[in-house]
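fold the following and give me the result.
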Amino acid sequence: MKELDRIRREIAAHPSNAWAVEAGYEPLYVAHPDARCLIIGQAPGIKAQQSGIPWNDASGQRLVEWLGVDEATFRDPAAFAILPMDFYYPGKGATGDLPPRPDFAPRWHPRLLSLMPQVSLSLVVGDYAQRHYLGGKSSLTERVRGFRDYLPDRFPLVHPSPLNFRWQSRNPWFVTDVLPALKRRVAEALSGRP
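Below is the predicted model:
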């Protein structure tokens, strides 16, 4: 845990994050050496950043439902690590939140991941995380539809934002095929099965 604490201090002290320190933001992620599942998303929303609790919004509530766990399990760092592509709220853009900084995850994720050897399942949420970690298929929809191609250690997901209701209505297979498989694979990972 000492190394994890040291990395957290380094992230906060890095010059590229001075603006976040000025705003009173802490780096928002969860890392624990016993974590079984890892959630890699985009970046914290403003509500999560201000509260200091990852996925502390309607998207987080929906994600918990999708995973088939309760809130206590979701918040247990030995169950779920949370490493977004950027650990700070990126700000508001013309059509939503700005994207995560492209150099952030390559700088910090490898060191943190090396300290979490028990992770057997990475949930890769949204296009930014998927392009970085999965590459391959050309669209988010293709990656999510082809989730079996990434098993057993990775599972691509659409962002659970309530604003994605149109995507879900156009892709009913997500509820019938993907979510049951997701719940099964999460339960296996949490029980220690690879």
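
what does the helix or strand bottoming out on mean pLDDT in the chain contact?
Ranked by mean pLDDT, DSSP states H and E, the weakest helix or strand in the chain is strand 96-97, scoring a mean of 80. For strand 96-97, the external contacting residues (CB atoms under 8 Å, 6 or more residues apart in numbering) are 42-43, 45-46, 89-91. Every residue, glycine included, has its C-beta placed from N, CA and C.

same question for stretch 117-128.
Defining contact as CB under 8 Å, 6+ apart, one finds that stretch 117-128 is touched by 33-42, 63, 67, 81, 85, 99-100, 113, 130, 133-134, 140, 150, 152-160, 182, 185-186, 188-189, 192-194.

residue at max distance from the center of this protein?
Going by CA atoms, centre = their mean, the residue of the chain most distant from its centre is residue 22, 24.9 Å out.

any idea how far residue 43 is from that residue?
Computed as CB to CB, to the nearest Å, the residue 22 to residue 43 distance reads 18 Å.

residue 113 too?
Distance, residue 113 to residue 43, by CB to CB: 18 Å.

and for residue 171?
Per CB to CB, residue 171 is found 24 Å from residue 43.

where does pLDDT dip in the protein?
Applying pLDDT under 70 to the chain picks out residues 137.

one more pass at 80, please.
Scanning the chain for pLDDT under 80 picks out 1, 95-96, 136-137, 193-194.

all helices of it, in order?
Assigned by DSSP state H, the chain shows helices spanning 2-13, 18-22, 46-51, 58-67, 71-74, 104-113, 127-133, 140-145, 165-170, 173, 179-190.

got these as JSON lines, with distance to residue 121 columns?
Below are the helices of the chain laid out as JSON lines (distance: least, CB to CB, whole Å):
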{"stretch": "helix 2-13", "distance to residue 121": "20"}
{"stretch": "helix 18-22", "distance to residue 121": "29"}
{"stretch": "helix 46-51", "distance to residue 121": "22"}
{"stretch": "helix 58-67", "distance to residue 121": "10"}
{"stretch": "helix 71-74", "distance to residue 121": "14"}
{"stretch": "helix 104-113", "distance to residue 121": "13"}
{"stretch": "helix 127-133", "distance to residue 121": "13"}
{"stretch": "helix 140-145", "distance to residue 121": "16"}
{"stretch": "helix 165-170", "distance to residue 121": "22"}
{"stretch": "helix 173", "distance to residue 121": "21"}
{"stretch": "helix 179-190", "distance to residue 121": "4"}
